[in-house]
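Colleague: structure, please.
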Amino acid sequence: MMKPGTLILHVAARYLVPLQLVFSIFLLLRGHDEPGGGFIAGLVASGAFALYLFTFGATVTRDLMRVDPRNLIGVGLIFGMVSIFPALLAGEPLLTAQWWDIPLPGGGYLKMNTPLIFDIGVYFTVFGSVMLMLIALTETEEH
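Modeller: Presented below is the predicted three-dimensional model:
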């Protein structure tokens, strides 16, 4: 069921949300080498879902998210905490960046690091926090 609004907004929301989510992943992955990172990427992702929320309502947006925003906040905090342990296990100071080359099929390598793990935690925490606030605000208006 579509809420009252323009057809242009409904069509635009359906096409812009996936593009914004892909852009947020791009910002997340380039964060420590270039401008970007977990915080701004989380804001861009929540902006995508905010567009969907304002277009289709809280119930439809919750169905699209499939995960409760409170769970995203918890997962983000766990990722942030996990990112400190590799340095401690290596006998280095807390939050010292650790890097690993993970071999991929076909001969390539995936460079994994603790700053990326921390940024993923920030991404989930920011995204979950903003969505929790926005959904709570729009649900009070719908009732």
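
Colleague: may I see the buried residues of the longest helix seen in the chain?
Modeller: Scanning the chain for the helix with the most residues, using DSSP state H, yields helix 114-142. Buried residues in helix 114-142, counted by 16 or more other CB atoms under 10 Å: 114-132, 134-135, 138. Heads up, the C-betas are built off the backbone N, CA and C, glycines and all.

Colleague: which helices and strands sit right next to that helix?
Modeller: The contact analysis (3 or more CB pairs under 8 Å, 6 or more residues apart in numbering; DSSP states H and E) places helix 114-142 against helix 7-29, helix 38-56, helix 58-65, helix 69-82.

Colleague: deepest-packed of the ones you listed, please.
Modeller: When those are scored by mean count of other CB atoms under 10 Å, the highest mean neighbour count falls to helix 38-56 (a mean of 21).

Colleague: can you list the helices and strands packed on helix 114-142 in TSV and add mean pLDDT and distance to residue 94?
Modeller: Below are the helices and strands packed on helix 114-142 laid out as TSV (pLDDT from 0 to 100; distance: least, CB to CB, whole Å):
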stretch	mean pLDDT	distance to residue 94
helix 7-29	93	23
helix 38-56	94	19
helix 58-65	90	33
helix 69-82	96	12
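
Colleague: distance to residue 92 for these - can I get that in CSV?
Modeller: Below are the helices and strands packed on helix 114-142 laid out as CSV (distance: least, CB to CB, whole Å):
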stretch, distance to residue 92
helix 7-29, 24
helix 38-56, 22
helix 58-65, 38
helix 69-82, 16
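
Colleague: ok, residue 127 touching residue 70?
Modeller: No - using CB atoms under 8 Å, residue 127 is not in contact with residue 70, being 11.9 Å away.

Colleague: all set, thanks.
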